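J.: Below is the structure, and that's it, no one-letter string:
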Ligand SMILES: Nc1ncnc2c1ncn2[C@@H]1O[C@H](COP(=O)(O)OP(=O)(O)OP(=O)(O)O)[C@@H](O)[C@H]1O
Ligand SMILES: [Mg+2]
């Protein structure tokens, strides 16, 4: 009887010690900067520290007794998570980790990474409960999602770029074959008959060589215009200012509306990559004006100051919603922006319906450098050729 009493006292003493220890641990966990929780072996919440309540955005009372399933949405399925916890309880793995999300009381979704480990009974050493250490990884998940979205957008852009390249090749092939090829074939036949009498009508003669030379001129102009679109010889030989003026003039002639073109007189030599980027922006910018704006007047300004080259294209046309256009299928605006960013510059568009459009591109002037490898010469440096009238030139 006395020994039973002693035993009872001893057990009570151990229980008090265990309770005191758990109380101390509980206090310590309460103030940790990570979420900590204890679940029973079926996955029901026994206790949670303040940080976990903070992460999930709910009071402790709301959380206690709830099952893991009710507290979190598992990234994988619940059976998968349960299988992982079963392996932990069976002692097959030292811990089990999984990502989960939860909807806070304020409606915000939070993502957490939770590492479960097993607590054994001090006396029997049997599995007693699960401890979960919960880390808020919402920012990480958002960054991963943003990265994924950016990759999807980049893949989409590459696909559209490739389609555009293919379409361009098809267009050039068609122009060469159907237009220039056909015109040359007809011209060849006409040249063989040049000046000869028309059969059945001896009083009439076929077109003379002089008359056919006019047709040949038209074909030459077409070839020039295609080759100009592919590669600007003016840019390489005469510089950006001349190429800009020449393109404005052509555009004005095609449109029949004035293109006011002003080119400042820069001193620096311009790297050919930058010159080409600006010329392509001008070409696409003016092409868009022609295609979409119904403008009655266009102004183009090429400037160069304090180590920067700048280009501005303004039209008084119908304008557009830039945010809406950025979601559209066109590639022109994207490719202008990309080209300028690739040479370290900035690209901006101001436009609103019925108020016209202004696009600006600005990039630091990179001094043209001499080739370092004799076998790998860099493209020739472009000189921004002085404008005969540096203040303003107007193309009719
Ligand atoms: N100067 C402008 N005036 C009015 N709308 C414009 C102008 N520039 C662009 N837009 C609008 O922005 C859209 C996107 O232009 P973007 O150049 O990217 O594509 P696109 O011209 O339609 O096709 P792509 O250039 O690929 O042939 C156009 O469809 C048009 O609605
Ligand atoms: Mg376009």
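T.: Everything's here; your move. Keep in mind it's a predicted model, so treat the numbers as computed, not measured. Ligands and ions are numbered 1, 2, ... in the order given.

J.: mind listing the helices in the stretch 101-250 of the chain by residue range?
T.: Along the stretch 101-250 of the chain, the stretches classed as helices by DSSP state H, counting those that start in this stretch are 138-174, 182-193, 209-230, 233-238, 240-255.

J.: and ligand 2, which of those helices is closest to it?
T.: Among the helices of the stretch 101-250 of the chain, the nearest to ligand 2 by C-beta to the ion is helix 138-174 (10.4 Å). The C-beta positions use only the backbone N, C-alpha and C, and glycine is treated the same way.

J.: Is the closest one positioned near ligand 2?
T.: No - counting by C-beta under 5 Å from the ion, ligand 2 is not contacted by helix 138-174; separation bottoms out at 10.4 Å.

J.: now that helix against helix 209-230, angle please.
T.: Angle, helix 138-174 to helix 209-230, by axes from the mean of the first three to the mean of the last three C-alpha atoms, to 10 degrees: 170 degrees.

J.: mind listing the strands for the stretch 1-150 of the chain?
T.: Along the stretch 1-150 of the chain, counting by DSSP state E, counting those that start in this stretch, strands occupy 35-39, 45-48, 73-74, 96-103, 109-120, 127-136.

J.: what's the offset of the third one from the middle of its chain?
T.: Averaged C-alpha coordinates place strand 73-74 at 31 Å from its chain's average position (C-alpha atoms, centre = their mean, to the nearest Å).

J.: Next: the last one.
T.: Between the mean C-alpha location of strand 127-136 and the chain-wide mean there is a distance of 41 Å, by C-alpha atoms, centre = their mean.

J.: Tell me which residues of it come out buried.
T.: Neighbour-count burial for strand 127-136, counted by 16 or more other C-beta atoms under 10 Å, picks out 129-136.

J.: Of the strands of the stretch 1-150 of the chain, give the one that comes closest to ligand 2.
T.: Smallest distance to ligand 2 across the strands of the stretch 1-150 of the chain (C-beta to the ion): 38.8 Å, for strand 109-120.

J.: Run through the neighbouring helices and strands of that closest one.
T.: strand 35-39, helix 50-56, helix 78-89, strand 96-103, strand 127-136, helix 138-174 (3 or more C-beta pairs under 8 Å, 6 or more residues apart in numbering; DSSP states H and E).

J.: How far does the fourth one sit from its chain's centre?
T.: Between the centre of strand 96-103 and the centre of its chain there are 30 Å (C-alpha atoms, centre = their mean).

J.: Test my guess that residue 81 contacts residue 68.
T.: Yes - with contacts counted by C-beta atoms under 8 Å, residue 81 reaches residue 68, the gap being 7.4 Å.

J.: Which neighbours do these two have in common?
T.: When contacts are counted by C-beta atoms under 8 Å, 6 or more residues apart in numbering, residue 81 and residue 68 have residue 74 as shared neighbours.

J.: neighbours around residue 100, how many?
T.: Residue 100: 19 surrounding residues under other C-beta atoms under 10 Å.

J.: Quick check: residue 285 vs residue 354, distance?
T.: Distance, residue 285 to residue 354, by C-beta to C-beta, to the nearest Å: 19 Å.

J.: Neighbour count for these two, which is higher?
T.: Neighbour tally, residue 285 and residue 354, criterion other C-beta under 10 Å: the higher count belongs to residue 285, 27 against 8.

J.: Alright, I will stop here.
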